[in-house]
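>>> starting from these lines, generate the structure:
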Amino acid sequence: MAQARIYATGKRKTAVARVYIKAGAGRITVNGREFEEYFPVLALRAVATQPLVLTGKRTLVDVDVNIGGGGPMSQAESVKFGIAKALQIENPELRTQLKRAVPDPRRADQGAEKVRPAGGAETVPVLQAVSRGRGEGAPNRAISRRGRPGNPPSSSFLSGG
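All right, here's what the predicted structure looks like:
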């Protein structure tokens with residue numbers, strides 16, 4: 001790698017990280033502070049350095065980062081995206097390794113999706129089934145037009161009239 005610094009931007013939610021990479025001994029500074037001081041949680045450090053670890057360059061490059069906006073996790077992920085972009089600019093052959101670490105940024109965040117039964121069939125929750133007089137394990141009987149399960153049918157129903 002040349003002595004020139006490579007610049008890339010990583011974004012995640014409202015966090016933006018400007019990442020500069022150059023050949024060095026593996027030193028990382030974030031907003032002028034040491035990496036361990038800025039990200040005291042080990043999980044955040046692991047997220048931020050994932051591209052360097054995957055490519056084996058954790059101790060071969062120095063990284064300077066300026067971050068703004070977002071929370072700690074978004075900042076760590078924006079650093080990860082920025083480092084991955086910078087490594088890819090330096091060596092495009094690393095793209096296949098980095099694709100495992102960095103998802104497509106155009107993809108929308110997938111929040112908790114509702115889990116539905118197959119075929120769109122609605123199920124009755126256990127609490128509703130118990131409150132309707134069908135205890136747990138009771139057969140799921142269809143509701144007739146003249147009476148509800150657990151209710152005796154009207155006398156006109158029995159006489160056929």
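
>>> for the protein, which segments count as helices?
Per DSSP state H, the chain carries helices over the ranges 35-38, 42-48, 50-55, 72-90, 95-99, 126-131, 155-159.

>>> can you tell which of the ones you listed is closest to Gly10?
helix 72-90 (2.8 Å; C-beta to C-beta). For every residue, glycine as well, the C-beta is placed using N, CA and C.

>>> buried residues in the closest one?
74-88, 90 (16 or more other C-beta atoms under 10 Å).

>>> and those, which is closest to Gly26?
Ile83 (12.4 Å).

>>> how near is Phe39 to Gly68?
15 Å (C-beta to C-beta, to the nearest Å).

>>> who's more crowded, the two?
Shown here are Phe39 and Gly68; by other C-beta atoms under 10 Å, Phe39 has more neighbours (22 against 12).

>>> how about that one, nearest residue that isn't a chain neighbour?
Arg45 (4.9 Å; C-beta to C-beta, 6 or more residues apart in numbering).

>>> which other residues reach stretch 91-98?
51, 54-55, 84, 87-88 (C-beta atoms under 8 Å, 6 or more residues apart in numbering).

>>> tell me which residues of it are tucked away?
94, 97-98.

>>> gap between the two ends of that stretch?
Its start and end residues considered, stretch 91-98 measures 11 Å (C-alpha to C-alpha, to the nearest Å).

>>> so for it, mean pLDDT?
For stretch 91-98, the mean per-residue pLDDT is 89.

>>> swap in stretch 50-69?
94.

>>> what's the first-to-last distance across that stretch?
End to end - C-alpha to C-alpha - stretch 50-69 spans 21 Å.

>>> now stretch 63-82
End to end - C-alpha to C-alpha - stretch 63-82 spans 10 Å.

>>> name the residues that touch it?
Against stretch 63-82 from outside (C-beta under 8 Å, 6+ apart): 5, 8-21, 27-31, 39, 41, 44-45, 47-52, 83, 101-102, 105.

>>> go again using 6 Å as the cut-off
For stretch 63-82, the external contacting residues (C-beta atoms under 6 Å, 6 or more residues apart in numbering) are 8-21, 28-31, 44, 47-48, 50, 102.

>>> which among these end up buried?
Counted by 16+ other C-beta under 10 Å, these give 8, 10-12, 15-21, 28-30, 44, 47-48, 50, 102 as buried.
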